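Peer 1: Build me a model from this:
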Amino acid sequence: MTATRGFGIDIGGSGIKGALVDLEQGQLIGDRHRIETPQPSTPDAVADVVAEIVRAAEWDGPVGVTLPAVVKRGTAHTAANIDHKWIGTDAEALFAKRLGKSVGEVTMLNDADAAGLAEIRFGDAAARTGVTALLTFGTGIGSALFHDGKLVPNTEFGHLEVDGHDAEKRAAASVKDNEGLSYPQWAKRVHRYLSVLENLIWPDLFIVGGGVSKKAEKWVPLLDIRTPVAVASLQNNAGIVGAAAAAAEGAGH
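Peer 2: Numbering: from 1, shown residues only. Alright, predicted model coming up:
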């Protein structure tokens, strides 16, 4: 039987968010629970917060968890905007133990991959054919690449070198705030980044997400690139929704 509800947790550099998800509609059920990411954001400290969020929701089914990291077979291999102790940590085993679950009941995935899965499943149908790249602009730049709706996991397009800089150090949403850039000033940097990326992978569609997508009208129209640009329909909840969907599918295997 296909699960109709799931639970997703999205771990970010500044906040950890969790919610119950309607897997038929791709929407949150009730309010999401957000707790500031502990500093330092060590695996144990983050696992405590995740356990608190799951406990508060009184959820006992499978749990999907995102990390701002390359995640292969449940283990984190990088750490972007979280403590470097995550590198080499078997996150799936850590969370399963902390939540009192079997390893098969916890599904770990990269945060942008989770957001992408949600958009592909519940967003614009055009994203399901050809090559689609989802980019989340937040503390850094996350990426998720799809070919005919199938995920190519763990792309790290936010770390492309553009004009001698790591792309996310110039074009992440956090840089806009930290440097006090206007939307047009920041959009120029995003435009440059996307023009380099589109010449490398020739996608059919870019989807832009992250918190800054709520103000899409202030910057997306300024992007004069070859590839069509759509705005993420689930906006900031996409990571939670994608994580819940991945966990429900993982538990059904």
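Peer 1: which stretches of this protein aren't confidently modelled?
Peer 2: 1-2, 251-253 (pLDDT under 70).
Peer 1: can you give me how far the longest helix along the chain is from the chain middle?
Peer 2: The longest helix of the chain (DSSP state H) is helix 183-201. Put simply, helix 183-201 sits 20 Å off its chain's centre (CA atoms, centre = their mean, to the nearest Å).
Peer 1: For that helix, buried residues please.
Peer 2: Going by neighbour count (16 or more other CB atoms under 10 Å), the buried part of helix 183-201 is Y183, W186, A187, K188, R189, V190, H191, R192, Y193, L194, L197, E198. Just so you know, the C-beta spots here come from the backbone N, C-alpha and C atoms, and that holds for glycine as well.
Peer 1: Name the nearest of the residues you listed relative to G210.
Peer 2: Among the buried residues of helix 183-201, V190 lies closest to G210 (CB to CB), at 11.1 Å.
Peer 1: pretty sure the closest one contacts G158?
Peer 2: No: judged on CB atoms under 8 Å, V190 makes no contact with G158 at a distance of 11.8 Å.
Peer 1: Contacts for the longest helix of the chain, please.
Peer 2: Defining contact as CB atoms under 8 Å, 6 or more residues apart in numbering, one finds that helix 183-201 is touched by 131, 133, 135, 137, 141, 145, 157, 160, 162-163, 167, 170-171, 173, 175-176, 181, 203, 206, 215, 218-219, 222-227, 229.
Peer 1: for stretch 73-81, same thing?
Peer 2: So stretch 73-81 is contacted by 12-13, 67-71, 85-93, 103, 106, 108, 139-140, 156, 158 (CB under 8 Å, 6+ apart).
Peer 1: What of stretch 119-133?
Peer 2: By CB under 8 Å, 6+ apart, the list of residues contacting stretch 119-133 from outside reads 25-26, 116, 134, 143-149, 151, 155, 157, 197, 201-207, 209, 230, 232-234, 238, 241-242, 245.
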